[in-house]
Every structure is written in C-alpha cells, then in structure tokens.
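Trainee: Need a 3D model of the sequence below.
(chains A and B)
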There are 2 protein chains.
Amino acid sequence: MSQPTPHHFTDRLIAAIRRKKNPVLVGLDPRAESLPKGLLAGEENEAVARAYVAFCRGIIDVVAPLVPAVKPQAAFFEQLGPTGCVALGEVMNYAAEKGLVVILDGKRNDIGTTAQAYAEGYLGGVGFQPAQKSPWGADALTVSPYLGDDSITPFLTIAKERGAGIFVLVKTSNPGGGRFQDLVADGQPLYRHVAQFVEGLSAKSRGSEGYGFAGAVCGATYPEQLAELRQAMPSTLFLIPGFGAQGGTAKDCAAAFDERGLGGIVNNSRGIIFAHSRVEYRDKFGDARWQAAVEAATRDMIAQLATETTAGRL
Amino acid sequence: MSQPTPHHFTDRLIAAIRRKKNPVLVGLDPRAESLPKGLLAGEENEAVARAYVAFCRGIIDVVAPLVPAVKPQAAFFEQLGPTGCVALGEVMNYAAEKGLVVILDGKRNDIGTTAQAYAEGYLGGVGFQPAQKSPWGADALTVSPYLGDDSITPFLTIAKERGAGIFVLVKTSNPGGGRFQDLVADGQPLYRHVAQFVEGLSAKSRGSEGYGFAGAVCGATYPEQLAELRQAMPSTLFLIPGFGAQGGTAKDCAAAFDERGLGGIVNNSRGIIFAHSRVEYRDKFGDARWQAAVEAATRDMIAQLATETTAGRL
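Mentor: Numbering: from 1, shown residues only, chains lettered A, B, ... in the order given. All right, here's what the predicted structure looks like:
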C-alpha cells in the first residue's frame, strides 16, 4: 500500500512565513476575565467555551491574512472540561481551514506507546490518511523533555509520517525556568544538553530550507542564551515565547534569525489577542472594536520584527 | 466569605489505603487493539470512546471494592479527539462516584497563570465550591518539572485550596529516563535536584500521616534510586510506575514504604486491565470473563505487595 507523500513540516511553515513575509505566531490563550465585553453570555463552562470559540474565530479572521501560524494554548480550553476540549477542536479546525499553520501548545510528554498515543492524536500534518485518525489535526505540538529521549522519538516517528513537527522545551521564558534548566552538568547547563539532543534530531530531518522538524522552544526573555543556542543549533527552528507581556522585545529575538530572516517564529499571545485592553490601543479601539485592535497590534509586531531582525528581508 | 475546609489530599489517600489495606493504583490505559472481544462496536473515534467508557466502568466496578485509587492516562483518551475527552470526564466521574481516589496522569506543565488554568481545571479535590469550576474533578494530577519552580507552585496553591494533590516526575521508569534525569550537576543527578525541591514542598504541606500533598513519581524499575529517594524525601509520597509489564516487581518497590506500610502507591496498568491476555490468566478467564481476570490480577498484585513490602502491615 503506497502512502501519500506528506510535505515536510518546517518547509511548510517556512513557505507560510515567506508568503506572509513575517514570522509572527499568534497565541490563542483565551481567558474569560479578559474577553472583550459582549462575548460572554454566561458563567457556565459551556457558555465560556462558546465565547472562546467566537473570540478565537474572530482573531483568526483578522490574523489569517497577516501571519503564518497560530498557537492555541490547550490549558485554557481544558480548564473548562470536556466542553472546552470540543471548543479547542473547533478552533484548531477553523484555523486550519483558514490556511494557518496550527501549533498546539500542550507541552505533552510521556513514555513509549503513551507518547505515541499523544502523537497519533494530535499530529495531523498533511497528506495523512485517514484524517479521522488525527482528530485534532495539529501541524505541530510542543513537547516537554524531562522524560528523556525515548519520550521524544515516538513523537518524531509520527511527525515524519505525517509531515508534522514538534517543538521541544529547551530554554523557557519564565523567571523560574533556570531552576533546573541552568544546572551545569559535564560543563554545560541542562538546557544545552537538551539542545544538543534536539539539534541531533533536527539535523537528521532537515528540509529543503535547512531546518529539521524537531524545533525548540527558546524564550525571548533570555536573549544571550537565544544567541548561544542559535550557534549550537544550526538545524533547529525556534519557537520563541516571551515577547511582549513577558518583557521580550523584537531586538531580543534578533539572534534567532539567519541571514534570510528564517529560523524562528515569535509568539505573542496576550499582547495581540487582548490588545483592546492595552494602553497603546485601548482608547483608539476599546472593546467595541477589539478586532481592529488585534489587527493593529499584529501589524505593529510585524513591523517591529522587520526593523529589529533579519525578518525584514522576508 | 468562609471557605469550606477541604481535607488534606495525602491524608485522604492514606485513609483509602488503610481502608483497602493495600497501596495498589490501577492505571486506566485503554487501547482499542487490546480490549476484550465484544466491547468495540466500530472503528470511529466515537465508537472507540464509547468502548473505553464501558471498559473502564467495568474495571472500576471490579476494583472499587479492592483498591484505593485509579490513574486514568489522559493520552489514550485525547488520542480520540474531543470525543475522547468527554469519555475521560465520564470515566473520572464514575471512579469518583465509586469512592476511588482519582489521579489523572496528564503530566501537565506550563508557566504561571497557564499552569494555574490546568490546576483549576483538573484539580477537584473535596469540599470545593462551586464544583462546576473543576469540571474534571481529579484528586491529583501528575506534573512535569522541566519548566521550574514557578511552573509547580501554581498547581500547589490550587491543590491546597481544594484538598487535592500533585505528583511531580522525579525518576521515571522508562529506559531513556536517565538521559537528562541522571546528568550530574553540583555533585548530584538532576533527579535529586528535583527531589530536593519536591521534598521541600511536601515538608511544608504534611498532613497528619506525615506526608505532604506534593508527591513524586519514582519508577519501580530503578529500585536503588527508589531507596535513595525514600531517604532523601521523607515527607513525600511516591507514585511508583513500572510494576509488571515494564519489569518492576513487588520487591523492587519495597524501599518506598515506611514501617507502617505507607509512603507509596504502586501503579499497574496493562498487567491488570488487560489481564485477560496475560499467560497467567488467559486460559482460566479469556475474553469472556475479562472482569474476573482483572479481579484475579488485582488480588495477586495486592498479595505480592503484602508479602514483599511493609504494605502487608496495613
């Protein structure tokens, strides 16, 4: 039985980055208390889940023509129980229908066949039949590395089959991230050990643009380490959280990018999706024109990255 | 507004262990290809999800009078998409109704308010109002530590409020677990650094039985490390995977237990739930009497732990 030939995940993502001429990743992190007025029609989980779908569809409508990819955060949907999971599935489907690359931020991790179950469930990719077997249909999933190599390789096996990808946590953006990640063993911090392992996987899975489909999560809040990791991981595409609300700037992300403006996607969640509450946009747009605020914040971030990084060459 | 006083998670778990006179944790890891014949009425995710609910309810009916707790594995439900999440919710509710302590194996991890969202969603505990706010209602959740201290404390804040608990991955049972966990920094392996952090949290949250509600996952497949960790973590209750199919024996778990027979819960998933396929039980019970096979395997494991560990004193 011949398999359909799936496309390479990173090549697909990079094609989307080139089409949109920017590496912005919009994080879909809905929170009931931060939604624009009028979207929430009740406090029950079911009502909140409906509001999340409406809100995320509204964001997707605005950003789909502008950016290559979105990153739904599983936690905020799962918080609502099974009804939230149904909403997450709808949001992911809608984003895919609108042509966006969908990176699910689930930070999943488990061993052997359990990791395989996560991978089979979440990684849809392209060209995979039957689609029913990946009910979520994510293009990529974030993965946590503590469980070791045999917890990561099952994800990659499925990712390869399906033209999907993973992003392994390497150096995260939170203040406490260093607690374990910065511990020095055999002359280098833990995150460098993880980086070395991930780079090995990416080097073996490079697409035509030079990047493999085992990506790495490296925070914008640690720009020196980001620069160091770019040197250490030449085949690895970075998912860069920490821009905006967490304090990372466009300049902080610069080292992630190669001379073509490739090598990273920069996530912004709250700064874009709740732009209607930010001082920069509140007075101009407010709750009533929250989608216009999303658009303005997205365009501003694109412009900042174009000015401060090689992404301007895209 | 006065809060209802929730019970302490570890005290509740230990009370259940004392009532049942054993520390067996039955892992609910349904897999379509391993179900007893006749349960699966189709290949669609919806049909598989229905079969998982029927299967898990059948297991719960058998084990509820015998063991203190069950551990549903989120991956196998999520693999089926949103319909699997609905099934997971039903299974968790049913187990709680039957008086079992429910430990969800989700290995969740994220930072700050995102970790809080997972905690608020999953940790139900007892005495918490409104119950609607924890749609999943787990008594405890497994948590991965790579993201650091500020990724774990949000779980503990909610756990404390609700009388719930967490189990942090420390030394996992898989062969590749050592890849990062065994790296030596500042004179001790990474897992000992995580252990030290978790013990600190547990020491501050001890219940009347002496164990805190920040538990640790320590595999039966590394008995020497389990003994070492018991010394290093006197306030921490262990969730011990790796018994049975992964090669761990009752003897391998012995070091986890104190002189009262407390200190650990030993998980067995495949060895119990798919006992109908095991050579020891297949001929006697087979597919038709799969629930009798589950009962026999559970009783045998209880007997093994009673013989080989201090759990016999319960």
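Trainee: hey, where'd the helices end up in the stretch 101-250 of chain A?
Mentor: A:112-122, A:153-162, A:178-181, A:190-203, A:223-232, A:250-253 (DSSP state H, counting those that start in this stretch).
Trainee: ok, residues contacting the last one?
Mentor: Contacts of helix A:250-253 with the rest of the structure, by Cβ atoms under 8 Å, 6 or more residues apart in numbering or on different chains, involve A:220-221, A:223, A:226, A:240, A:242-243, A:264, A:266, A:301, A:304-305, A:307-309. C-betas here are computed from N, CA, C, even on glycine.
Trainee: Centre of the chain to it, how far?
Mentor: 17 Å (Cα atoms, centre = their mean, to the nearest Å).
Trainee: now swap in the fourth one and tell me
Mentor: Mean C-alpha position of helix A:190-203 versus that of the full chain (Cα atoms, centre = their mean) differs by 19 Å.
Trainee: Now do A:Ala245, the pLDDT please.
Mentor: Listed pLDDT for A:Ala245 reads 86.
Trainee: tell me the contacts of the closest residue in space to it that isn't next to it in sequence?
Mentor: Distances taken as Cβ to Cβ, 6 or more residues apart in numbering or on different chains place A:Arg270 nearest to A:Ala245, at 4.5 Å, with adjacent residues excluded. A:Arg270 makes contact with A:27, A:29, A:34, A:244-245, according to Cβ under 8 Å, 6+ apart.
Trainee: if we can go back for a sec, need the helices of the stretch 101-250 of chain A in JSON lines (columns: mean neighbour count, mean pLDDT and distance to B:Ala41).
Mentor: Converted to JSON lines, the helices of the stretch 101-250 of chain A look like this (neighbours: other Cβ atoms under 10 Å in any protein chain shown; pLDDT from 0 to 100; distance: least, Cβ to Cβ, whole Å):
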{"stretch": "helix A:112-122", "mean neighbour count": "23", "mean pLDDT": "96", "distance to B:Ala41": "21"}
{"stretch": "helix A:153-162", "mean neighbour count": "21", "mean pLDDT": "94", "distance to B:Ala41": "26"}
{"stretch": "helix A:178-181", "mean neighbour count": "22", "mean pLDDT": "97", "distance to B:Ala41": "46"}
{"stretch": "helix A:190-203", "mean neighbour count": "22", "mean pLDDT": "98", "distance to B:Ala41": "40"}
{"stretch": "helix A:223-232", "mean neighbour count": "18", "mean pLDDT": "97", "distance to B:Ala41": "50"}
{"stretch": "helix A:250-253", "mean neighbour count": "21", "mean pLDDT": "97", "distance to B:Ala41": "51"}
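Trainee: With distance to B:His7 as extra columns, can I get those in TSV?
Mentor: Listed next are the helices of the stretch 101-250 of chain A as TSV, based on distance: least, Cβ to Cβ, whole Å:
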stretch	distance to B:His7
helix A:112-122	31
helix A:153-162	38
helix A:178-181	30
helix A:190-203	37
helix A:223-232	43
helix A:250-253	46
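Trainee: Which one of the ones you listed lies nearest to B:Lys98?
Mentor: Among the helices of the stretch 101-250 of chain A, the nearest to B:Lys98 by Cβ to Cβ is helix A:112-122 (24.4 Å).
Trainee: Dump that closest one to CSV, restricted to CA.
Mentor: What follows is helix A:112-122, C-alpha atoms only, in CSV (Å, rounded to 0.1, in the frame of the first residue of the first chain):
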residue,chain,number,x,y,z
GLY,A,112,6.9,4.9,24.7
THR,A,113,3.4,3.9,23.4
THR,A,114,1.8,6.6,25.5
ALA,A,115,3.8,9.3,23.8
GLN,A,116,2.8,7.6,20.6
ALA,A,117,-0.9,8.0,21.5
TYR,A,118,-0.4,11.7,22.1
ALA,A,119,1.4,12.0,18.7
GLU,A,120,-1.2,10.0,16.8
GLY,A,121,-4.0,12.0,18.4
TYR,A,122,-2.6,15.5,18.0
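Trainee: now check it, is it near chain B?
Mentor: Yes - under the criterion of Cβ under 8 Å from any Cβ of the partner chain, chain B is reached by helix A:112-122 at A:112-115, A:117-118, A:120-122.
Trainee: returning to what we had before: look up how far B:Gln116 lies from the residue nearest to A:Ala245.
Mentor: A:Arg270 sits 14 Å away from B:Gln116 when distances are taken as Cβ to Cβ, to the nearest Å.
Trainee: Same check on A:Gly42?
Mentor: 22 Å.
Trainee: re earlier: among the contacts of helix A:250-253, which pair sits farthest apart?
Mentor: A:Thr221 and A:Thr307 (19.9 Å).
Trainee: how about stretch A:53-64: buried residues?
Mentor: Using 16 or more other Cβ atoms under 10 Å in any protein chain shown as the test for burial, stretch A:53-64 gives A:53-56, A:58-60, A:62-64.
Trainee: To clarify, my last question referred to stretch A:181-191.
Mentor: Buried, per 16+ other Cβ under 10 Å, within stretch A:181-191: A:181-183, A:185, A:189-191.
Trainee: Quick one: those residues as CSV, columns for distance to A:Ser144 too.
Mentor: Formatted as CSV, the buried residues of stretch A:181-191 follow (distance: Cβ to Cβ, whole Å):
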residue, distance to A:Ser144
A:Gln181, 11
A:Asp182, 17
A:Leu183, 16
A:Ala185, 18
A:Pro189, 17
A:Leu190, 13
A:Tyr191, 13
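Trainee: CSV for those residues, including distance to chain B?
Mentor: Formatted as CSV, those follow (distance: Cβ to the nearest Cβ, whole Å):
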residue, distance to chain B
A:Gln181, 7
A:Asp182, 9
A:Leu183, 4
A:Ala185, 4
A:Pro189, 8
A:Leu190, 6
A:Tyr191, 9
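Trainee: of all the residues you listed, which comes closest to B:Gly84?
Mentor: A:Gln181 (32.1 Å).
Trainee: And the strands in the stretch 1-150 of chain A?
Mentor: A:24-28, A:69-72, A:101-108, A:140-143 (DSSP state E, counting those that start in this stretch).
Trainee: again, but for the stretch 201-314 of chain A
Mentor: Under DSSP E, counting those that start in this stretch, the stretch 201-314 of chain A gives strands at A:214-218, A:238-240, A:264-268.
Trainee: The ones you listed: which one's closest to chain B?
Mentor: strand A:214-218 (9.9 Å; Cβ to the nearest Cβ).
Trainee: that older thread, now, among the contacts of A:Arg270, which is nearest to A:Cys85?
Mentor: Nearest to A:Cys85 among these, with distances taken as Cβ to Cβ, is A:Asp29, at 15.9 Å.
Trainee: returning to what we had before: among A:Thr221 and A:Thr307, which residue is more densely surrounded?
Mentor: A:Thr221 (22 against 11; other Cβ atoms under 10 Å in any protein chain shown).
Trainee: and that one, what are its phi and psi?
Mentor: phi -80, psi -10 (degrees, to the nearest 10).
Trainee: How many residues are close by the closest residue to it other than its chain neighbours?
Mentor: Leaving aside its sequence neighbours, A:Thr221 sits nearest to A:Gly242 (Cβ to Cβ, 6+ apart; 4.0 Å). Close neighbours of A:Gly242, defined as other Cβ under 10 Å, add up to 27.
Trainee: For A:Gly242, grab phi and psi.
Mentor: phi 100, psi 0.
Trainee: That one against A:Ala220, yeah?
Mentor: Yes - A:Gly242 is in contact with A:Ala220 according to Cβ atoms under 8 Å; the separation is 4.0 Å.
Trainee: so what sits against both of the two?
Mentor: A:173, A:248, A:252.
Trainee: Please identify which of these is nearest to chain B.
Mentor: With Cβ to the nearest Cβ as the yardstick, the closest approach to chain B among the shared contacts of A:Gly242 and A:Ala220 comes from A:Ser173, at 7.4 Å.
Trainee: Same list, the strands of the stretch 201-314 of chain A, but as JSON lines with mean pLDDT please.
Mentor: JSON lines is the format used below for these (pLDDT from 0 to 100):
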{"stretch": "strand A:214-218", "mean pLDDT": "98"}
{"stretch": "strand A:238-240", "mean pLDDT": "98"}
{"stretch": "strand A:264-268", "mean pLDDT": "98"}
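Trainee: I appreciate the help and will end here.
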